[in-house]
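Enquirer: 3D model of this:
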Amino acid sequence: MRPEFDQQLDQLHRLLTQMGNLCEQAISLSALALREGTKAQIQKVGSLEYEIDRLERDTETICMRLLLRQQPVAADLRTISAALKMISDMERIGDQAADIAELIPYIAPSSLGTKVRIRDMADATVQMVSDSVRAFVLSDLELASQVVKADDQVDALFEQVKEELMALIPQDSIDAKSALDLLMTAKYFERIGDHAVNIAEWVEFSITGVHRSEEHHAISSL
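Expert: Numbers count the residues shown, from 1 in each chain. The predicted model follows:
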């Protein structure tokens with residue numbers, strides 16, 4: 001029974017890695033499209049989202065098969081449980097990358113993207129997604145921890161983008177619709193950063209058996 005289990009566990013690992021890589025491609029392409037705004041880039045993000053959704057279903061099927069047929073214990077059970085949580089966050093990253101791509105045609109023709117630090121925010125978010133996937137592939141606890149810490153930078157950049165947009169409005173340097181589109185784009189990047197943090201925290205759980213939410217609860221109960 002164990003050789004079959006190990007084979008399916010390896011398949012789960014490959015599917016998660018593939019799904020994570022597609023998420024990284026989707027958010028990287030969204031960030032690139034924000035700079036260049038080509039139709040081909042925007043359409044490619046949509047294709048990647050479709051593939052991410054398909055892999056989510058395939059990965060979920062493998063997880064259910066492992067849980068119901070193999071009755072895993074200890075570390076194996078943690079890996080499967082974490083995988084089920086991670087694919088949900090990866091699917092949302094794909095969705096939000098596509099949401100960003102849909103907004104880009106309304107942003108790219110203007111020079112507004114150069115007046116606020118949304119591109120810096122995009123770069124920081126891409127790095128978080130990339131590092132969260134690498135942390136899973138390498139079972140790297142330190143790298144997962146770095147992803148969690150990096151969220152503070154993305155949150156700070158989001159606040160800065162809001163302040164910059166508010167400063168542009170009184171100067172008639174931006175209209176309300178363009179400001180809203182940029183703010184929504186920034187918010188999607190901020191949410192993608194949150195999902196990268198979730199993935200990193202589940203990587204930590206798969207390695208240590210402890211989730212940060214449990215640590216926070218233990219501390220608050222002292």
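
Enquirer: Low-confidence stretches in the protein?
Expert: Residues of the chain meeting the criterion pLDDT under 70: 1, 70, 108-115, 172-173, 214-222.

Enquirer: Which residue ranges of it form helices?
Expert: 2-36, 39-65, 74-107, 118-138, 141-168, 176-208, 212-220 (DSSP state H).

Enquirer: how distant is the fourth one from the center of its chain?
Expert: Averaging C-alpha positions (Cα atoms, centre = their mean, to the nearest Å) puts helix 118-138 8 Å from its chain's average.

Enquirer: CA atoms of that helix as CSV?
Expert: Provided in CSV are the C-alpha atoms of helix 118-138 (Å, rounded to 0.1, in the frame of the first residue of the first chain):
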residue,chain,number,x,y,z
ILE,A,118,1.7,50.6,-8.2
ARG,A,119,4.5,49.0,-10.3
ASP,A,120,6.7,48.7,-7.2
MET,A,121,3.8,47.1,-5.5
ALA,A,122,3.4,44.6,-8.4
ASP,A,123,7.1,43.7,-8.3
ALA,A,124,7.0,43.1,-4.5
THR,A,125,3.9,40.9,-4.8
VAL,A,126,5.4,38.9,-7.7
GLN,A,127,8.4,38.2,-5.4
MET,A,128,6.1,37.0,-2.6
VAL,A,129,4.3,34.6,-4.8
SER,A,130,7.6,33.3,-6.3
ASP,A,131,9.1,32.8,-2.8
SER,A,132,6.0,31.1,-1.4
VAL,A,133,6.1,28.5,-4.2
ARG,A,134,9.9,28.0,-3.7
ALA,A,135,9.3,27.6,0.0
PHE,A,136,6.9,24.7,-0.7
VAL,A,137,9.2,23.1,-3.4
LEU,A,138,12.3,23.3,-1.1
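
Enquirer: now for it, which elements pack on it?
Expert: Secondary structure elements in contact with helix 118-138, counted by 3 or more Cβ pairs under 8 Å, 6 or more residues apart in numbering; DSSP states H and E, are helix 2-36, helix 141-168, helix 176-208. Where you see a C-beta, it was placed from the backbone N, CA and C, and this is true even at glycine.

Enquirer: If we go by neighbour counts, what in the last one is buried?
Expert: When burial is assessed from 16 or more other Cβ atoms under 10 Å, helix 176-208 yields the following buried residues: 178-179, 181-207.

Enquirer: for the longest one, same thing?
Expert: Along helix 2-36, these residues count as buried under the neighbour rule (16+ other Cβ under 10 Å): 8-9, 12, 15-16, 19-20, 22-34.

Enquirer: So which residues make contact with stretch 4-13?
Expert: With Cβ atoms under 8 Å, 6 or more residues apart in numbering as the contact definition, stretch 4-13 has outside contacts at 59, 62-63, 65-66, 70, 72, 76, 79-80, 83.
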